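[1] Return atomic coordinates for the entry below.
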Amino acid sequence: GQGAHITANNTVISKCGQYAVACNIGGTYNFTHCTFANYWNYSNRNTPSILLNNYYEGADGNPYPRDLEANFINCIIDGSLSTEVSFQENKERDFKYNFNHCLIKLDPTIDTDNEYYESVIINQSPKFVDNTEGDFHLTEDSPAIDAGMGPSDSDIEGNPRNNPDIGAYEFE
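    Numbering: from 1, shown residues only. Have a look, this model is predicted:
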């Protein structure tokens, strides 16, 4: 999205050669119970799964900032790179984001002890059934099980979420 308003629930985005989601040039983005699992095996991937950006560079070479608000609730952000989120902030405009009850593969030097990260699991494997084959169901020892916040209706397959898991699939 470029300056867009996007809401996604119970969504799986995977096997992208570049960003799985680019929240680009500002906008408002809300993702709930989504699984971003970027295991691209057709060539080298150089961009993380998620891009958060609140500006663009004009043809004149000047930056043009726009407000960004991005919310991730009960989401898994994982992939084959060492970090799966890129932050590109212009301080002239709002750059608001929140990861709430998420499992995130993140640069370990990023401070997550602040209001942007609430009850997050950092740099732990989500323990998918088979990420190489695209089966992003959780195994019984996944740290994402029962780690979400509720209430939630059902998962991507219609299974009820009594004590919500993180990601698109509820462990059965």
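
[2] Spatially central residue for the chain, please.
    In the chain, the centroid-proximal residue (CA atoms, centre = their mean) is residue 77; its distance is 4.3 Å.

[3] Which neighbours in the sheet does the strand or helix carrying it have, and how are they oriented?
    Using DSSP states H and E, residue 77 sits in strand 76-79. Pairing partners of strand 76-79, with direction, according to DSSP bridges: strand 35-38 (parallel), strand 103-104 (parallel).

[4] And that strand, how far out from the chain middle?
    Averaged C-alpha coordinates place strand 76-79 at 6 Å from its chain's average position (CA atoms, centre = their mean, to the nearest Å).

[5] Now do it: everything it contacts.
    By CB atoms under 8 Å, 6 or more residues apart in numbering, the list of residues contacting strand 76-79 from outside reads 20, 34-40, 45, 48-50, 84-85, 102-105, 125-126, 128, 131, 136, 144, 166-168. Any C-beta I mention is one placed from the backbone N, CA and C, and that applies to glycine too.

[6] can you do 6 Å?
    Outside strand 76-79, the residues that touch it by CB atoms under 6 Å, 6 or more residues apart in numbering are 35-39, 49-50, 84, 103-105, 126, 166-167.

[7] and the top strand by length along the chain, what's its mean pLDDT?
    In the chain, ranked by residue count with DSSP state E as the criterion, the top strand is strand 21-32. In this model, strand 21-32 has a mean pLDDT of 97.

[8] Mind giving me the packing neighbours of it?
    In terms of contacts (3 or more CB pairs under 6 Å, 6 or more residues apart in numbering; DSSP states H and E), strand 21-32 is packed against strand 2-9, strand 50-53, strand 68-73.

[9] what's the most buried one of those?
    Comparing the helices and strands packed on strand 21-32 by mean neighbour count (mean count of other CB atoms under 10 Å), strand 50-53 ranks first with a mean of 23.

[10] neighbouring strands for that strand, and are they parallel or not?
    Going by DSSP bridges, the partners of strand 50-53 are strand 21-32 (parallel), strand 85-88 (parallel).

[11] residue ranges with poor pLDDT in this structure?
    Judged against pLDDT under 70, the chain has no low-scoring part.

[12] still on that earlier bit, could you find which two of the contacts of strand 76-79 are furthest from each other?
    39 and 166 (17.7 Å; CB to CB).

[13] Could you list the residues in contact with stretch 30-38?
    So stretch 30-38 is contacted by 7-14, 16, 20, 49, 71-79, 131, 136, 167-168 (CB under 6 Å, 6+ apart).

[14] Just the CA trace of that stretch, in PDB.
    Listed next in PDB are the C-alpha coordinates belonging to stretch 30-38 (Å, rounded to 0.1, in the frame of the first residue of the first chain):
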ATOM      1  CA  ASN A  30      -4.400  -2.800  10.600                       C
ATOM      2  CA  PHE A  31      -3.400  -6.500  10.600                       C
ATOM      3  CA  THR A  32      -5.100  -9.000  13.000                       C
ATOM      4  CA  HIS A  33      -4.300 -12.700  13.200                       C
ATOM      5  CA  CYS A  34      -2.100 -12.600  10.200                       C
ATOM      6  CA  THR A  35       0.900 -14.800   9.300                       C
ATOM      7  CA  PHE A  36       3.700 -13.200   7.300                       C
ATOM      8  CA  ALA A  37       6.100 -16.100   6.600                       C
ATOM      9  CA  ASN A  38       8.600 -15.100   3.900                       C
END
